[in-house]
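S.K.: Here is a sequence with its predicted model. Questions after.
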Amino acid sequence: MSFERARLSMRNRRNGTLDSTHTLYSSVSRSTEVSYSESDLVNFIQAHFKKRECIFFTKDSKATENVCKCGYAQSQHIEGAQTNQNEKWNYKKHTKEFPTDAFGDIQFETLGKKGKYIRLSCDTDAEILYELLTQHWHLRTPNLVISVTGGAKNFALKPRMRKIFSRLIYIAQSKGAWILTGGTHYGLMKYIGEVVRDNTISRNSEENIVAIGIAAWGMVSNRDSLIRNCDAEGCFSAQYIMDDFTRDPLYVLDNNHTHLLLVDNGCHGHPTVEAKLRNQLEKYISERTIQDSNYGGKIPIVCFAQGGGKETLKAINTSIKSKIPCVVVEGSGQIADVIASLVEVEDALTSSAIKEKLVRFLPRTVSRLPEEETESWIKCLKEILENSHLLTVIKMEEAGDEIVSNAISYALYKAFSTNEQDKDNWNGQLKLLLEWNQLDLANDEIFTNDRRWESADLQEVMFTALIKDRPKFVRLFLENGLNLRKFLTHDVLTELFSNHFSTLVYRNLQIAKNSYNDALLTFVWKLVANFRRGFRKEDRNSRDEMDVEFHDVSPITRHPLQALFIWAILQNKKELSKVIWEQTKGCTLAALGASKLLKTLAKVKNDINAAGESEELANEYETRAVELFTECYSNDEDLAEQLLVYSCEAWGGSNCLELAVEATDQHFIAQPGVQNFLSKQWYGEISRDTKNWKIILCLFVIPLVGCGFVSFRKKPIDKHKKLLWYYVAFFTSPFVVFSWNVVFYIAFLLLFAYVLLMDFHSVPHPPELVLYALVFVLFCDEVRQWYINGVNYFTDLWNVMDTLGLFYFIAGIVFRLHSSNKSSLYSGRVIFCLDYIIFTLRLIHIFTVSRNLGPKIIMLQRMLIDVFFFLFLFAVWMVAFGVARQGILRQNEQRWRWIFRSVIYEPYLAMFGQVPSDVDGTTYDFAHCTFTGNESKPLCVELDEHNLPRFPEWITIPLVCIYMLSTNILLVNLLVAMFGYTVGTVQENNDQVWKFQRYFLVQEYCSRLNIPFPFVVFAYFYMVVKKCFKCCCKEKNMESSVCCFKNEDNETLAWEGVMKENYLVKINTKANDTSEEMRHRFRQLDTKLNDLKGLLKEIANKIK
């Protein structure tokens, strides 16, 4: 019979058992190279992977049954197997390779989860095996391999050890690592599998953990269920049953491993046959060179050992010989504690000292070992300790989240830095420490005085630090010679904004730009869009995007630091953005710009948590701007004021004041330095020490200006024109312009009232014509403001009121000029009266100049919003009561006017205490109603057969009582409570609110023409004529505010840089003082705690 037929007949005679708990398999596997079909996979496996079967029967003299030394019974051998006597069994001589017949998907019954498995020969080439894993099973190339060993027998896992394993799995998941274990549902491997399951469920990661189990085929229970059927083609799914209660010495496979490699050497019941292939695979992976590696071009591998015995010792020794670092958990017991204790010994290790440690930690095991075996263990330990630099010990009781991560990174670094090939590869070592975020190691081991770093040497790792959000490393590189301006080339910025910029952030930025039509948002969006379009040409979809021509990338080439800062800010990289902010010029402007961007983006984010983070970071930058400006202002007031009006094209041409106002940074605007600057602009050349009543008196007694009644900040240069200079300086002051406008506006309202009450005729009289002329001047002023502000003009409530007032006035004139029709004349007068209300309410705006009345206006505005929402609640009660009342009292009222009065008007009056009189039959008066519905009276209530009101009083009267109770007490008090909250909110920041509103008033009058009303109309005519003459000129004239001059003085920025350094030193000093104070408090608490412990012991002794 052929070997093929013999194998098929033998397969049905081999038995085993299996069991499972829970599993979490998924397609962890995404190919990084080529994808293959199922038929390609089957062909590849059958061509390259073999199994081994014993072809000689050599009876085992120690066995009671007819069993071969390979572990199988004679009936389980292939037919035609030869018989040998007393010959030492060797798998190479007594077994033969055949194409493997066990591979595919393994599915654990009752769980429904699948993983990959394969039966393979122990002589399989590691390169072929790696190809199977990466190219055919589509696993990503690992960034790290963690080989876990120790504790193969069942034991109770300590909570501390479970925490260590949990952290180990988290590291594997976050780093894209493979975990290699024994793969069985027994001992350490079982607990590793459970932690893999728990972490995968809790983190709900798209990229599940890769846990590869490497076990001996001959030790797998119920393995016949893994063998493919004879007629199986393509992918085979094996149904595997786990049975934890079996007493079979074989092991069941663990259901929480994602891939299972079952190593076959042709024997049954022989453990550890997989160790050789596992070591070869680990060595192959560790020596494999890959591109774009953060570990010097190689895949790092680390051995993680806990507990264990002989096989663990061999595994550690093999790893050390292969230059693979090992992390040993002290406190986990057995061989791990032996190695940990010997590593700490500083003296030369002797055999007796090692044996003493073995006896101490493995008393039972060592007592059963023959002397030769003990010497073998000692020799193995000496070989391990000869390379102690590859050993890293962590204590189980102290192992926290960071300890495990630090231990692995330190072990990898020691192995890398002591390797003959890589010990001078500083760039590779730095990449490794950067990947694991080990700043202290980098600072102590790499950035030493022995080596000088060039800026070009750090550019690659700097880019990695930026995209991995490693702010401390960014700071370290800057401190060690990296020139950030040279590093930030256009290509680097393009790479950051195109490949490392969130698409969601880009969409939110576009939404914010379209929603708020803001200059800074538009500029930033164009900046980002330009970089992304530079990388993806297909992004040109809209006309708006195509109009964004950034061929002149001068704003970015001149300000690359600001571009990098914007990149970090938009993605909420909190600490990284702070490091970059410290390197920028114009830090105050940058902080306010960041606050503006973050607050605007927070408004359009759907994620509440993300929006809250943006708001929090925006407030931090506002605080930084406030503290830095305070530092500057305390040093030099004049230079600090120049910073307020400094503008930068990298921030859309805005200055500090404009950005602070757009971001609603009230705290910044309320700063004394900012308010002093605004006061200077408000008073112009007039000294701030001058009393306001003196300035107002000079408006009516003009000669007092030249008599020294008003003091000025400086004296005129030309003494011959001293008087003229005084008058010009006085009347061009924004405060004087404001005062004159107030006087004019009051006179205008008085004239308006006079015309309406005393001089309104069919033919306009001179006072009315003067009124028309004054309104025309107001109209010209509003047109000018609309021309300057554009669409932002209507964002101001007062401008809306001005527009509405002018519209009503024009409508009134239209009706009024139809004097032939008395009704039209009357309609025009009514419209003028309504318009007078609007113009009079507009007078409230002047109160914003008052520190006491200004916040009250804000309260009124916000309370109006409260009333608006309150009316929705009230309308529900009002309509419900009104309709029910009308339906109960009257039938078929057809007049809409009276329906409105009964359903809406009268219930509304009831809220103010006017009780309806028609709900009580005893007081109902039929003289005030009509039965026909033709008179100007309400419809009478429905009568019964006795001509008495039909409505039941026991319904109508309680209905009115409930309604009035609900509206007069509940709803009205709710409104009062809303008002109280609104007033309280404004009152808490009373001073800030007023100072913030004051800015707008100052800006408004700084931007006005310095000509008193109504004579400013001549200036308007002059401007129109001048504009007409220049209509053919294509020059773009930038109109700047009197208050905000554009200034990019490098000396001012250099001075601000010095102040920024002082500010940062103060912050760090304060933080250090706080830390020292906390440590002092902890020491005091520790002393008190020790005293209390001593007192408790004394009390306990006395009780005994």
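M.R.: Received, thanks. On a predicted model such as this, the values are computed, not experimentally measured, just so you know.
S.K.: only C-alpha atoms for contact and neighbour calcs from this point on.
M.R.: Noted.
S.K.: in the stretch 251-400 of the chain, which spans are strands?
M.R.: Per DSSP state E, counting those that start in this stretch, the stretch 251-400 of the chain carries strands over the ranges 259-264, 301-305, 326-330, 391-395.
S.K.: So which other helices or strands are in contact with the third one?
M.R.: It stands for strand 326-330. strand 301-305, helix 310-321, helix 334-343, strand 391-395, helix 401-418 (3 or more C-alpha pairs under 8 Å, 6 or more residues apart in numbering; DSSP states H and E).
S.K.: could you check the angle strand 326-330 makes with the first one?
M.R.: Here strand 301-305 runs at an angle of 20 degrees relative to strand 326-330 (axes from the mean of the first three to the mean of the last three C-alpha atoms, to 10 degrees).
S.K.: For the longest helix seen in the chain, the averaged confidence score.
M.R.: As assigned by DSSP state H, the longest helix anywhere in the chain is helix 1050-1103. Helix 1050-1103 carries an average pLDDT of 76.
S.K.: Check the offset of that helix from the chain's centre.
M.R.: Centroid separation for helix 1050-1103 versus its chain: 30 Å, with C-alpha atoms, centre = their mean, to the nearest Å.
S.K.: can you start the count at 41 instead of 1 from here on
M.R.: Noted, 41 is the first residue going forward, which turns the last one into helix 1090-1143.
S.K.: Give the other helices and strands that it contacts.
M.R.: Short answer (3+ C-alpha pairs under 8 Å, 6+ apart): helix 1090-1143 packs on helix 627-644, helix 648-675, helix 677-684.
S.K.: Now the helix or strand that comes right after the last one - C-alpha only, CSV.
M.R.: This points to helix 677-684. From helix 677-684 onward toward the C-terminus, using DSSP states H and E, the following helix or strand is helix 696-702. The C-alpha trace of helix 696-702 is given here as CSV (Å, rounded to 0.1, in the frame of the first residue of the first chain):
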residue,chain,number,x,y,z
CYS,A,696,-4.7,91.5,18.6
LEU,A,697,-7.7,93.6,19.4
GLU,A,698,-9.7,92.4,16.4
LEU,A,699,-8.9,88.7,17.1
ALA,A,700,-9.8,89.2,20.8
VAL,A,701,-13.1,90.8,20.0
GLU,A,702,-14.0,88.2,17.3
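S.K.: For the next helix or strand after helix 696-702, which outside residues touch it?
M.R.: Using DSSP H and E, the helix or strand that follows helix 696-702 towards the C-terminus is helix 706-709. Residues from elsewhere that reach helix 706-709 (C-alpha atoms under 8 Å, 6 or more residues apart in numbering): 662-663, 665-666, 697, 700-701, 714-715, 1032-1033, 1035-1036, 1039.
S.K.: Now helix 706-709 - C-alpha only, CSV.
M.R.: What follows is helix 706-709, C-alpha atoms only, in CSV (Å, rounded to 0.1, in the frame of the first residue of the first chain):
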residue,chain,number,x,y,z
GLN,A,706,-13.6,89.5,27.3
HIS,A,707,-10.9,88.8,29.9
PHE,A,708,-8.2,90.1,27.5
ILE,A,709,-10.2,93.2,26.5
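S.K.: mean confidence for that helix?
M.R.: 92.
S.K.: I'd guessed residue 1036 sits against residue 715; true?
M.R.: No. Taking contacts as C-alpha atoms under 8 Å, residue 1036 lies outside contact range of residue 715: 9.4 Å.
S.K.: quick one: which of the two has more around it?
M.R.: residue 1036 (21 against 17; other C-alpha atoms under 10 Å).
S.K.: Return the residues in contact with that one.
M.R.: 701, 706, 709, 710.
S.K.: ok, now residue 1023?
M.R.: By C-alpha under 8 Å, 6+ apart, the neighbours of residue 1023 are residue 899.
S.K.: Buried residues, stretch 690-697. List them.
M.R.: Residues 690, 691, 692, 694, 695, 696, 697 are the ones in stretch 690-697 that count as buried (16 or more other C-alpha atoms under 10 Å).
S.K.: can you redo those as a markdown table with distance to residue 1048 and pLDDT?
M.R.: Output for those, formatted as a markdown table (distance: C-alpha to C-alpha, whole Å; pLDDT from 0 to 100):
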| residue | distance to residue 1048 | pLDDT |
| --- | --- | --- |
| 690 | 28 | 85 |
| 691 | 26 | 89 |
| 692 | 24 | 84 |
| 694 | 20 | 88 |
| 695 | 20 | 90 |
| 696 | 21 | 92 |
| 697 | 18 | 92 |
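S.K.: what two of those are the furthest from one another?
M.R.: 690 and 697 (15.7 Å; C-alpha to C-alpha).
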